[in-house]
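[1] dropping a prediction and its sequence here:
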Amino acid sequence: MITLTLKRESNIPLDGDVITPDALHDKTNAKIKSTLITWGNKKLPLGEFFNVDGEKSSSITVIGNCDKVKLIGHEMSFGSILIKGNAGYNTGSYMTGGTLEIEGNTRDYLGAMMEGGQIICNGNTGHFLGGAYKGESSGMEGGEIIVHGNAGHEVGGFMRRGLIVVGGNCGDFPGIFMLAGTVVIIGQSGDRAGANMVRGTVVLMKDAPILPSFYENSLLRSPAIDVLLNRISRFGINANPGHTFRRFNGDVNQIGKGEILVCTSKQN
């Protein structure tokens with residue numbers, strides 16, 4: 001195992017894109033310490049900011065409040081990262097494989113443009129969870145993100161594939177411009193869920209206002225949703241199966257093939 005312990009917090013953001021098994025798994029302890037990392041407009045050795053223990057491993061543990069460390073796990077394709085503390089912007093962006101777990105909170109764009117692998121955030125996260133960067137036409141394209149706490153606005157924006165679960169509340173526009181995939185909000189959702197969605201599924205476990213560009217077409221019990229909720233429960237999130245849902249289709253401003261499922265029965 002490789003253990004990176006933050007020496008000190010800084011007001012200047014640190015680009016942590018080299019903190020991945022891809023970049024460090026074959027390096028000796030000395031090579032890890034000398035790996036260059038971007039701090040503001042400078043490139044300095046990783047050892048200037050982190051105490052480094054271990055070497056040549058695909059398992060990385062990061063210890064400390066990394067709220068100002070961006071891009072940890074960027075383009076990660078295998079192995080594991082455990083962050084024992086908070087993480088900064090763009091954690092797990094463009095990730096294609098492996099597992100990344102954060103014990104604390106994260107800032108915006110957790111799992112942005114993600115293509116595979118698994119991210120688990122045990123705290124809260126910011127806006128644009130699993131979303132697309134500005135100017136991009138598709139966001140998350142695979143994998144899964146599990147957030148135990150709350151999330152900000154635009155969860156799963158432009159999402160194309162994969163699964164996003166928010167165990168707490170979320171802000172406005174979950175599933176905005178969604179192309180496919182599944183978003184599950186266990187807590188209270190903000191307004192305008194599914195705005196301009198093309199396809200995909202948004203599951204709201206608490207009642208929320210639905211846009212007039214969606215039409216209600218059925219009341220259902222879904223074995224597929226029960227399987228999904230059972231799996232979510234195994235992450236320690238209260239998502240018991242066996243519920244009845246109101247099914248809405250839309251957004252008719254697009255092709256109208258997306259669906260929003262709103263739970264109508266009390267959770268067990």
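    All right, it came through fine.
[2] mind jotting down where the helices sit in the stretch 51-200 of the chain?
    Here the stretch 51-200 of the chain has no helices by DSSP state H, counting those that start in this stretch.
[3] which stretches in it count as strands?
    Counting by DSSP state E, counting those that start in this stretch, residue ranges of the strands within the stretch 51-200 of the chain are 59-63, 69-70, 80-84, 99-102, 118-121, 141-147, 161-166, 182-185.
[4] what about the first one, distance to the chain center?
    On the basis of Cα atoms, centre = their mean, to the nearest Å, the separation between the geometric centre of strand 59-63 and that of its chain is 19 Å.
[5] before we move on, back to that, what would the strands of the stretch 51-200 of the chain look like in CSV with mean neighbour count, distance to Pro241 and mean pLDDT?
    Every C-beta, even on glycine, is put in place using the N, C-alpha and C of the backbone. Listed next are the strands of the stretch 51-200 of the chain as CSV, based on neighbours: other Cβ atoms under 10 Å; distance: least, Cβ to Cβ, whole Å; pLDDT from 0 to 100:
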stretch, mean neighbour count, distance to Pro241, mean pLDDT
strand 59-63, 20, 33, 98
strand 69-70, 26, 38, 98
strand 80-84, 22, 29, 98
strand 99-102, 23, 25, 98
strand 118-121, 24, 21, 98
strand 141-147, 23, 17, 98
strand 161-166, 25, 14, 98
strand 182-185, 26, 12, 98
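[6] distance to Val18 added to those strands, as CSV?
    Below are the strands of the stretch 51-200 of the chain laid out as CSV (distance: least, Cβ to Cβ, whole Å):
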stretch, distance to Val18
strand 59-63, 11
strand 69-70, 11
strand 80-84, 12
strand 99-102, 15
strand 118-121, 19
strand 141-147, 21
strand 161-166, 25
strand 182-185, 31
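[7] out of the ones you listed, which is closest to Ser265?
    strand 182-185 (15.9 Å; Cβ to Cβ).
[8] the closest one pairs with which strands, parallel or anti?
    strand 161-166 (parallel), strand 201-204 (parallel) (DSSP bridges).
[9] out of the ones you listed, nearest to Asp251?
    Using Cβ to Cβ, the nearest of those to Asp251 is strand 201-204, at 10.8 Å.
[10] strands paired with the following helix or strand past that closest one, and their directions?
    Under the assignment DSSP states H and E, the closest C-terminal helix or strand after strand 201-204 is strand 215-220. Using DSSP bridges, strand 215-220 pairs in its sheet with strand 245-250 (antiparallel).
[11] how far is the following helix or strand past the partner strand from where the chain is centred?
    Next helix or strand after strand 245-250 toward the C-terminus (DSSP H and E): strand 258-263. On the basis of Cα atoms, centre = their mean, strand 258-263 sits 20 Å off its chain's mean C-alpha point.
[12] for strand 258-263, list the C-alpha coordinates in PDB.
    Taking Å, rounded to 0.1, in the frame of the first residue of the first chain, the C-alpha atoms of strand 258-263 are listed here in PDB:
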ATOM      1  CA  GLY A 258     -37.300   9.600 -20.200                       C
ATOM      2  CA  GLU A 259     -39.100   8.600 -17.100                       C
ATOM      3  CA  ILE A 260     -39.400   9.900 -13.500                       C
ATOM      4  CA  LEU A 261     -40.600   7.500 -10.900                       C
ATOM      5  CA  VAL A 262     -42.000   9.100  -7.800                       C
ATOM      6  CA  CYS A 263     -42.500   6.900  -4.700                       C
END
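[13] for it, packing partners?
    Judged by 3 or more Cβ pairs under 8 Å, 6 or more residues apart in numbering; DSSP states H and E, strand 258-263 is in contact with strand 201-204, strand 245-250.
[14] out of the ones you listed, indicate the one that is most buried.
    strand 201-204 (a mean of 26; mean count of other Cβ atoms under 10 Å).
[15] what's the average pLDDT for it?
    Here strand 201-204 scores 98 as its mean pLDDT.
[16] what's in contact with it?
    Residues outside strand 201-204 that contact it (Cβ atoms under 8 Å, 6 or more residues apart in numbering): 156, 174-175, 178, 181-185, 189, 193-194, 225, 228, 245, 258-263.
[17] what's the answer for stretch 1-11, then?
    Counting by Cβ under 8 Å, 6+ apart, 19, 24, 32, 39, 46, 48-55, 57, 59-69, 85 sit against stretch 1-11.
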